[in-house]
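Q: Return a 3D structure for these sequence lines:
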Amino acid sequence: MAEITKIFDGNNDFYLEALMLSSNALPFVFHFSRMLNTSPHYVNKHKELEILMCVSGSGTVYSDMKPIPLVAGEMAVVNINRIHYTTTESEFCYHCLIVDNEFLYSIGIDTDEICFEDKIVSPVFAELFEKICTEWHRDDKFRSVIVKSIITELFVHMCRDHIVKDTTNEKESKTLKKIKYSINYIKQNFKRDLSLDEVSDAAGLSRYHFCREFKKATGLTPIEFINRTRCEFAKDLLESKKYTISEISDMSGFMTPAHFSKTFKGFFGAHPSELIKKSKRVKESEPLKHRFIYNTSTDPNYNLALEEWLMKNCEEDVFILWQNRPTVVIGRYQNAYAEVNIPYAEKNGISVVRRMSGGGAVFHDLGNLNFTFIIKDDGDGINFARFLEPIKEALVSLGIETEISGRNDLLMGGKKISGSAQCRKYGKVLHHGTLLVDVDVDKLSSVLNVSAEKLTSKGINSVRSRVTNIRDVYPDVSVSVIIDTLTDKLWGRHLELTEKEKSEVKLLAGDKYSSWEYVYGSSKALSKIVSARFEGGSIQISFDSENGVIKDARINGDFFADGEIALLEKALNGCRLSLNDLITVIDNTSCKIHGITSTEIAETILK
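A: Numbering: from 1, shown residues only. Next up is the predicted model:
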């Protein structure tokens, strides 16, 4: 079903609906769409029943000219053979479900005989849509059975409580019937030269009367509808990469390539050639289509253990979405006591855990969404942009403009909404990051001890002034909306762990990530502590010395390193406090710190 979802691409055009319903995988179309007041105007009419559940924002569904206003949690039902389209004055995010008639017949529902209420408001249906969304992205042998059972339950509730007498045939005017006939006529004939006179004659109406009634029913003029139909068909041909622009222009019913290009840009904001280039860029990034895990656990120890278990045991590339209950996650090389306000964390029930990647400490709660990529290591080194670009593109599809800044941050309006970290181990690269959607910023700023040196390096005076939530600027964008968007953009086949594999993850979580020694044990107090901040991050080196020789070195910081930092610590033990000796020892160690040179480390030690 992943391939079908990609073809659909969130646009509910009748060609794509028909294409998807021809799939024998599941007899449904199900997708998430986000509409803005600047979005293209799509008009549909088909023989299948369609349901739209508003997730956030507000919009109006027009069904045979009847407006159905919706806000979050409300559901519109478009009964069969209705002309329908959606509008919004700001933003309208919704799930769309289209059900094949054969499936409905199989459960005893004849849509030719039954008509449902246009608008239904009930938490029961919102919960059922959430279940459909969860199960839709699974890839196990039970997916089809479970999705069908949920949709069957949905229609049982609709049949019991929301059937109305279908007065369409009684009230539908002869004119509206003619407009519906004209839509079918356009669908069948748009590929050739099609004049307004021909379509109005086919409908049996005068040209003036036809144009007026068509606009009233669809919100578009007949010419706009014909050109929209042609452009949607052309868009599919462009994405197939099988034809030239000139060939596509002719196949889609346009008189000349110039007219095609101008009309296409008017609808989609880009020339056909630009769409081809964009499609090629998407193809080049297709390795970032992964096996997908939507990890519903909020236990930080389990979630970090899952990442390590997958790095060790999963041969395929993986993309994970997950959340933690209130937690501080410190970097692999950080000192817990230096980075976390421990008394505040304990008082407020905030967990403290250590991840396997470098970088700085971060605060998580259920207003934060975490993402993880695990891919085979191709020797590219630490490369944040490779993973941040698809996240950035997904946010742009929601209208959220961001920029990649510094080593590993995403900024929105100059403020941080995402930080990332990486780890190279077991022949894999792990890249994980955060998205601040609706995080408790008071707790974030209170529980993290951020050095004045780091704040100064960012040109700010507090944590609060550095970060912001996405919902501060886009109040209708929730965590669930972003989950849907990232899932649509990045997921491949769903990956489900067996109970045995989950037990192994739980064992690793208990033995390692929950242990005091792993989280706090490396934070030993030593007699000399030196620190500095460089392009590659901050570094703090603690050690004892005797007769000018280093003893028991410990290295902390928010840097990123290739190899185990313990190898560098071990190499420093026994080294003389001499610049040349230190540089030689550091150069000959397999562990390398990105963005901090051997000379800079040696000079820091000798401060």
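
Q: can you pull out the strands in the stretch 201-350 of the chain?
A: Shown for the stretch 201-350 of the chain, the strands assigned by DSSP state E, counting those that start in this stretch span residues 290-294, 318-322, 327-330.

Q: what's the offset of stretch 367-387 from the middle of its chain?
A: Relative to the chain's own centre, stretch 367-387 is displaced by 15 Å; criterion: C-alpha atoms, centre = their mean, to the nearest Å.

Q: Quick check: end-to-end length of that stretch?
A: End-to-end distance of stretch 367-387 (C-alpha to C-alpha, to the nearest Å): 22 Å.

Q: Tell me the buried residues in that stretch?
A: Neighbour-count burial for stretch 367-387, counted by 16 or more other C-beta atoms under 10 Å, picks out 367-375, 382, 384, 386-387. (Glycine included, C-beta is placed from N, CA and C.)

Q: Excluding residues flanking it in the chain, which one is nearest Leu495?
A: Arg291 (4.1 Å; C-beta to C-beta, 6 or more residues apart in numbering).

Q: Show me the beta-bridge partners of that neighbour.
A: For Arg291, the beta-bridge partners are Val318 (DSSP bridges).

Q: circling back: let me have the strands of the stretch 201-350 of the chain in CSV, adding mean pLDDT and mean neighbour count as columns.
A: Converted to CSV, the strands of the stretch 201-350 of the chain look like this (pLDDT from 0 to 100; neighbours: other C-beta atoms under 10 Å):
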stretch, mean pLDDT, mean neighbour count
strand 290-294, 78, 20
strand 318-322, 92, 22
strand 327-330, 95, 25
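
Q: want to throw those strands into a markdown table with distance to Glu501?
A: Listed next are these as a markdown table, based on distance: least, C-beta to C-beta, whole Å:
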| stretch | distance to Glu501 |
| --- | --- |
| strand 290-294 | 11 |
| strand 318-322 | 13 |
| strand 327-330 | 23 |
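
Q: before we move on, back to that, wait, the residue nearest to Leu495 sits on Ile320?
A: No: when contacts are counted by C-beta atoms under 8 Å, Arg291 is not listed as touching Ile320 (9.4 Å).

Q: OK, contacts around Pro343?
A: Contacts for Pro343 were tallied using C-beta atoms under 8 Å, 6 or more residues apart in numbering; there are none.

Q: now do Gly204
A: Residues in contact with Gly204, defined by C-beta under 8 Å, 6+ apart, are Lys178.

Q: which phi and psi does it have?
A: phi 80, psi 30 (degrees, to the nearest 10).

Q: would you list every one of the helices in the stretch 401-550 of the chain?
A: 441-447, 452-457, 463-466, 470-473, 479-490, 499-508, 516-520 (DSSP state H, counting those that start in this stretch).

Q: can you tell me which of these comes nearest to Leu411?
A: Closest to Leu411 of those is helix 463-466 (C-beta to C-beta; 9.6 Å).

Q: Report the rounded mean pLDDT for the closest one.
A: Across helix 463-466, pLDDT averages out at 56.

Q: Next, work out how far apart Ile483 and Ser200 are.
A: 47 Å (C-beta to C-beta, to the nearest Å).

Q: Tell me which of the buried residues of stretch 367-387 has the lowest pLDDT.
A: Ile382 (67).

Q: ranking the helices of the stretch 401-550 of the chain by burial, who's on top?
A: Between these, helix 479-490 has the highest mean count of neighbours, a mean of 20, where neighbours are mean count of other C-beta atoms under 10 Å.

Q: what is the orientation angle of it with strand 290-294?
A: Interaxial angle, helix 479-490 versus strand 290-294 (axes from the mean of the first three to the mean of the last three C-alpha atoms, to 10 degrees): 160 degrees.

Q: Which elements pack onto helix 479-490?
A: Helices and strands touching helix 479-490, by 3 or more C-beta pairs under 8 Å, 6 or more residues apart in numbering; DSSP states H and E, are strand 28-36, strand 49-63, strand 290-294, strand 318-322, strand 368-376, helix 385-396.

Q: got the CA coordinates for it in PDB?
A: C-alpha atoms of helix 479-490 as PDB (Å, rounded to 0.1, in the frame of the first residue of the first chain):
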ATOM      1  CA  VAL A 479       2.300  16.200  17.500                       C
ATOM      2  CA  SER A 480      -0.100  13.900  15.800                       C
ATOM      3  CA  VAL A 481      -0.200  16.100  12.700                       C
ATOM      4  CA  ILE A 482       3.600  16.000  12.400                       C
ATOM      5  CA  ILE A 483       3.600  12.200  13.000                       C
ATOM      6  CA  ASP A 484       1.200  11.800  10.100                       C
ATOM      7  CA  THR A 485       3.300  14.100   7.900                       C
ATOM      8  CA  LEU A 486       6.600  12.400   8.700                       C
ATOM      9  CA  THR A 487       5.100   9.000   8.300                       C
ATOM     10  CA  ASP A 488       3.700   9.900   4.900                       C
ATOM     11  CA  LYS A 489       7.000  11.400   3.700                       C
ATOM     12  CA  LEU A 490       9.500   8.900   5.100                       C
END
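
Q: Enumerate every residue touching the residue nearest the centre of the chain.
A: Among the residues of the chain, the one closest to the centroid is Leu486, at 1.3 Å (C-alpha atoms, centre = their mean). Going by C-beta under 8 Å, 6+ apart, Leu486 touches Leu321, Phe371, Ile391, Ala394.

Q: Return the distance of it relative to Ile391.
A: For Leu486 relative to Ile391 (C-beta to C-beta), the value is 7 Å.

Q: Would you mind listing the residues touching both of those two?
A: Listed as contacting both Leu486 and Ile391 by C-beta under 8 Å, 6+ apart are Phe371.

Q: still on that earlier bit, ok, the buried residues of stretch 367-387 vs Leu606, which is closest?
A: Ile382 (27.0 Å).

Q: On the pLDDT front, check the residue of the chain positioned farthest from its centre for me.
A: For the chain, the largest distance from the centre (C-alpha atoms, centre = their mean) belongs to Asn547, which lies 56.8 Å off. As predicted, Asn547 sits at a pLDDT of 77.

Q: buried set for stretch 47-65?
A: 48-59, 61-64.

Q: Just the C-alphas of it, formatted as PDB.
A: Written as PDB, here are the backbone C-alpha positions of stretch 47-65 (Å, rounded to 0.1, in the frame of the first residue of the first chain):
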ATOM      1  CA  LYS A  47     -19.500   6.300  -6.900                       C
ATOM      2  CA  GLU A  48     -17.800   5.500  -3.600                       C
ATOM      3  CA  LEU A  49     -18.700   6.900  -0.200                       C
ATOM      4  CA  GLU A  50     -16.100   9.300   1.300                       C
ATOM      5  CA  ILE A  51     -15.600  10.300   4.900                       C
ATOM      6  CA  LEU A  52     -13.400  13.300   6.100                       C
ATOM      7  CA  MET A  53     -12.400  13.600   9.700                       C
ATOM      8  CA  CYS A  54     -11.000  17.000  10.700                       C
ATOM      9  CA  VAL A  55      -7.800  16.600  12.700                       C
ATOM     10  CA  SER A  56      -7.000  20.300  13.300                       C
ATOM     11  CA  GLY A  57      -7.900  23.800  11.900                       C
ATOM     12  CA  SER A  58     -11.200  24.300  10.200                       C
ATOM     13  CA  GLY A  59     -12.700  23.900   6.800                       C
ATOM     14  CA  THR A  60     -15.900  23.400   4.800                       C
ATOM     15  CA  VAL A  61     -16.800  20.400   2.800                       C
ATOM     16  CA  TYR A  62     -19.300  21.200   0.000                       C
ATOM     17  CA  SER A  63     -21.400  18.200  -1.000                       C
ATOM     18  CA  ASP A  64     -23.800  18.900  -3.900                       C
ATOM     19  CA  MET A  65     -23.500  22.600  -3.000                       C
END
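
Q: I am finished for the moment; much appreciated.
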